[in-house]
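In: give me the fold of what follows.
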Amino acid sequence: WNSSPSHITGTVQGTNGGAWTAELTNELAATNRSAAYTLLIPPGDGAPTNSPGGDGYALITNHLGIINVTGALADGTVFGQNIAESKSSRLAFYATPYVSGGLTNGGLLLGWLDLSGGAPTGRLTWIRPPAVAGLFTNGFTNTVTVQGSVWRDPASGTIDLRLPFEKLNISGAFLTAPLVFPVAIDTNYDHLMVFAGGPTNSLTSSINPKNGLLKITFGNGNGTNTTSGTGAILQNNSLGGGYFITGTNAGAISLQPNP
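Out: Numbering: from 1, shown residues only. The predicted structure follows:
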């Protein structure tokens, strides 16, 4: 191993003929930073057939270097983590979201996120193990590049959240064609206003101004049945994303300006 006052590296090697080697990195923790972020975890290469086609999300709060992460993957599996930020502004992202429900093992969500640029960047490896029943029973492995933004509570008066959204696109799963709603964020920052000219399907929504969590419920065209989805807004990117789950598949939510 190699060391310095703030950084230690090393390796772990398998005993069976050295068949595998894993690198280890350890850094001193930061103690003087506070911020909040939203993060979208995009679909993998197998989407939407062999893995979810929507975006997972994470809500990240850093209080004096202690980071709390909560979120959900686009197959509906929730995860969480508490960890210290390193002095080099990196976050060792790790979760084992699959601990029950007929799965053969815990799977994982793993990677380094860089917070030094003011928004989380990096790549995550997402492994869902095979399942006895439910969605994506064959399992999958995705390596995805995340997209993130700093989050500032608009209700505090520090930022105006009336971003130039023009459309909410809901697609996949049971929908034979995308539902595209013309929308904008309400001046109270807590939901989407829906304008004329969109689908006749019902749409309700909520935005948590404290952390950027987006929730929607839309009519699926079959009587009064409705479907719920969730995601997050990237404040600095004028974008949002998320997913919705049905009994047999998963769909995508996308919030963005018109080109």
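In: now do the same for Leu168: helix, strand or coil?
Out: What DSSP: H, G, I helix; E, B strand; the rest coil gives for Leu168 is strand.
In: that one reaches Ala252, doesn't it?
Out: No - between Leu168 and Ala252 there is no contact under CB atoms under 8 Å: 11.2 Å. C-beta: built from backbone N, CA, C; applies to glycine.
In: using CSV, list the CA coordinates for stretch 79-93.
Out: Output in CSV follows, covering the C-alpha atoms of stretch 79-93 (Å, rounded to 0.1, in the frame of the first residue of the first chain):
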residue,chain,number,x,y,z
PHE,A,79,-31.7,2.5,-1.4
GLY,A,80,-29.9,4.7,1.1
GLN,A,81,-26.4,5.4,2.4
ASN,A,82,-24.7,7.5,5.1
ILE,A,83,-21.0,8.3,4.5
ALA,A,84,-18.4,11.0,4.9
GLU,A,85,-17.3,13.2,2.0
SER,A,86,-13.6,13.0,1.3
LYS,A,87,-11.3,16.0,1.4
SER,A,88,-10.9,15.7,-2.4
SER,A,89,-14.7,16.2,-2.7
ARG,A,90,-15.4,12.6,-3.6
LEU,A,91,-18.2,10.3,-2.4
ALA,A,92,-17.7,6.5,-2.3
PHE,A,93,-21.2,5.5,-3.4
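In: look up how far Thr21 lies from Gln13.
Out: 5 Å (CB to CB, to the nearest Å).
In: I should have written Phe136 there, sorry.
Out: Phe136 is 30 Å from Thr21, by CB to CB.
In: repeat that for Thr227.
Out: 46 Å.
In: out of the two, name the residue with the larger neighbour count.
Out: Thr227 (20 against 9; other CB atoms under 10 Å).
In: so what's the more buried one bridging to?
Out: Listed by DSSP bridges, the beta-bridge partners for Thr227 are Phe218.
In: that one against Lys215, yeah?
Out: No - Thr227 lies out of contact with Lys215 (CB under 8 Å); the separation is 11.8 Å.
In: ranges for the strands of the stretch 1-150 of the chain?
Out: 2-4, 7-13, 21-27, 34-41, 56-63, 66-72, 78-84, 90-95, 108-114, 121-128, 140-145, 147-150 (DSSP state E, counting those that start in this stretch).
In: turn these into CSV, columns for mean pLDDT.
Out: Shown next, in CSV, are the strands of the stretch 1-150 of the chain (pLDDT from 0 to 100):
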stretch, mean pLDDT
strand 2-4, 49
strand 7-13, 71
strand 21-27, 66
strand 34-41, 93
strand 56-63, 94
strand 66-72, 94
strand 78-84, 90
strand 90-95, 88
strand 108-114, 92
strand 121-128, 94
strand 140-145, 94
strand 147-150, 95
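In: got those as CSV, with distance to Thr49 columns?
Out: Shown next, in CSV, are the strands of the stretch 1-150 of the chain (distance: least, CB to CB, whole Å):
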stretch, distance to Thr49
strand 2-4, 44
strand 7-13, 36
strand 21-27, 31
strand 34-41, 18
strand 56-63, 17
strand 66-72, 21
strand 78-84, 23
strand 90-95, 25
strand 108-114, 21
strand 121-128, 14
strand 140-145, 10
strand 147-150, 23
